[in-house]
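Participant: need a 3D model of the following:
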Amino acid sequence: MAVHRVSPLPQKQPNPKGNADRNTQPEQRIATRISSEHIRATWSGTASVEDAAQAFGMSRSKGYDLVRRGKFPCRVLQIGRAARVVTASLLRVLESGEPEDNGASSASPAPS
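Facilitator: Residues are numbered from 1 along each chain as shown. All right, here's what the predicted structure looks like:
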């Protein structure tokens with residue numbers, strides 16, 4: 001009788017970005033807010049909508065919904081179909097508590 005060896009399942013590695021595990025329950029991800037100091041130290045000029053939503057304590061889907069409706073609390077850049085959040089704007093909103101106009105206007109400018 002031949003003996004077959006089965007290799008063990010690979011162990012889950014920690015996420016190198018330090019973000020909440022995407023497979024966890026939404027309530028667990030929302031509870032983990034990102035501090036302004038962490039954002040300043042580790043983020044570049046723009047961030048994903050998912051990371052910015054986490055910084056505000058909201059779910060990924062809520063963040064994308066607000067971006068789609070032009071209601072995200074800070075500046076969002078549309079680059080083709082992709083959306084990126086301006087990190088400086090996100091920090092200003094987190095520190096002041098006041099949302100910024102993200103440049104999305106629902107009305108057309110009045111002709112002169």
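Participant: test my guess that A47 contacts V85.
Facilitator: Yes. Applying Cβ atoms under 8 Å, one finds A47 in contact with V85, separated by 4.8 Å. C-beta: built from backbone N, CA, C; applies to glycine.
Participant: the two: which has the busier surroundings?
Facilitator: V85 (27 against 20; other Cβ atoms under 10 Å).
Participant: pLDDT value on A104, please?
Facilitator: For A104, the model assigns a pLDDT of 48.
Participant: and what of the one 4 residues further on?
Facilitator: According to the predicted model, the pLDDT of S108 comes to 41.
Participant: residue ranges in the chain under the pLDDT threshold?
Facilitator: 1-32, 102-112 (pLDDT under 70).
Participant: can you rerun that using 50?
Facilitator: For the chain, the stretches flagged by pLDDT under 50 are 7, 26-31, 104-112.
Participant: show me the strands in it, by range?
Facilitator: 46-48, 76-79, 82-86 (DSSP state E).
Participant: wait, which of those strands is closest to H38?
Facilitator: The closest of these to H38 is strand 46-48. By Cβ to Cβ, the value is 11.7 Å.
Participant: adjacent strands (with direction) for the closest one?
Facilitator: Partners of strand 46-48 in the sheet, by DSSP bridges, are strand 82-86 (antiparallel).
Participant: which residues sit against the partner strand?
Facilitator: 45-49, 51-52, 64, 67, 72, 74-77 (Cβ atoms under 8 Å, 6 or more residues apart in numbering).
Participant: out of the residues you listed, which one sits closest to E98?
Facilitator: C74 (10.1 Å).
Participant: tell me the contacts of that closest one?
Facilitator: A52, V85, V86, S89, L90, R92, V93, P99, E100, N102.
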